[in-house]
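Undergrad: Just a sequence and a predicted model for now, questions to come.
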Amino acid sequence: MITALYSDQVIAENAPMDRRLAALVLSRGNRIGYIASGPDTQRGFFDEKQRYYAKYGLVLDLFVDLDALSGDEEINRLFSCDAIHLSGGHTGDFLRRLRQSGMLDKLRSWALDDGILVGTSAGAILMTPTIAVDALFSGGSPDAVQDGAALDLLPFEFFPHLNDDPGYLSALLRYSETTATPILACRDGEGLILGNGLVEIFGAPLTISDGFAEASDGGRIADLLSRA
């Protein structure tokens, strides 16, 4: 399994991570499937990603609307892709759609079977054990989230857009005192590629646990992955 976690994606600061991700995907093929977090009737977000990936020689040619899955043929086409992209959007709604469509467990199994899974913002949060930290974006408390269990592919929680509000860090520090799971927090332009022996950090994400924040360390993350 290889996971690529972006805070944001279509910005110039992500070019080093983009190039590395592209090399990993191109070692297998060039097709990426796209799972939308919610309705995208005009395909605006999809078209933007299609152009974005094309710059790296990658073909984003399959759009999956979880509210309108057409059956096994479409699912098989998705899981025959060389990588799958989970879009940004409303994390809670995305999780609900994955559950209701029966895709949550299927996607987890595909990823664990040596898949390459790419997540932007909400899509990256979903790769972790719980979407609890997403509550901060709507002014809520992660501790109050009751039904946030997600794909559980990684042994930490993920928080994007750390740079958007100066209050996010203090809220994450408080939350880290009540959860045993470390939190990796990224500003836009930062991210991580993990799995199959890879621990690649782009920018300066923070690892937050037990009320403290420090620069993410590849060795510590590798240790977390090995014990997961």
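TA: Sure, I can see it.

Undergrad: C-alpha from now on. contacts and neighbour counts both.
TA: OK.

Undergrad: in which helix or strand would I find the spatially most central residue of the chain?
TA: With distances taken as Cα atoms, centre = their mean, residue 124 lies nearest the centre of the chain, 1.4 Å away. Secondary structure from DSSP states H and E places residue 124 in helix 122-125.

Undergrad: List the neighbours of that helix that are in contact with it.
TA: 4-7, 37, 85-91, 94, 118-119, 131, 134, 157-160 (Cα atoms under 8 Å, 6 or more residues apart in numbering).

Undergrad: circling back to that earlier point, how much space separates the residue nearest to the centre of the chain from residue 166?
TA: The gap separating residue 124 from residue 166 is 21 Å, by Cα to Cα, to the nearest Å.

Undergrad: next one: residue 130
TA: Taken as Cα to Cα, the span from residue 130 to residue 166 is 23 Å.

Undergrad: Which of those two has more residues huddled nearby?
TA: residue 130 (23 against 9; other Cα atoms under 10 Å).

Undergrad: How many neighbouring residues does the residue lying closest to that one once chain neighbours are set aside have?
TA: Of all residues not flanking residue 130 in the chain, residue 149 sits nearest, at 4.4 Å (Cα to Cα, 6 or more residues apart in numbering). Residue 149 has 14 neighbours, counted by other Cα under 10 Å.

Undergrad: swap in residue 167?
TA: Around residue 167 there are 11 residues (other Cα under 10 Å).
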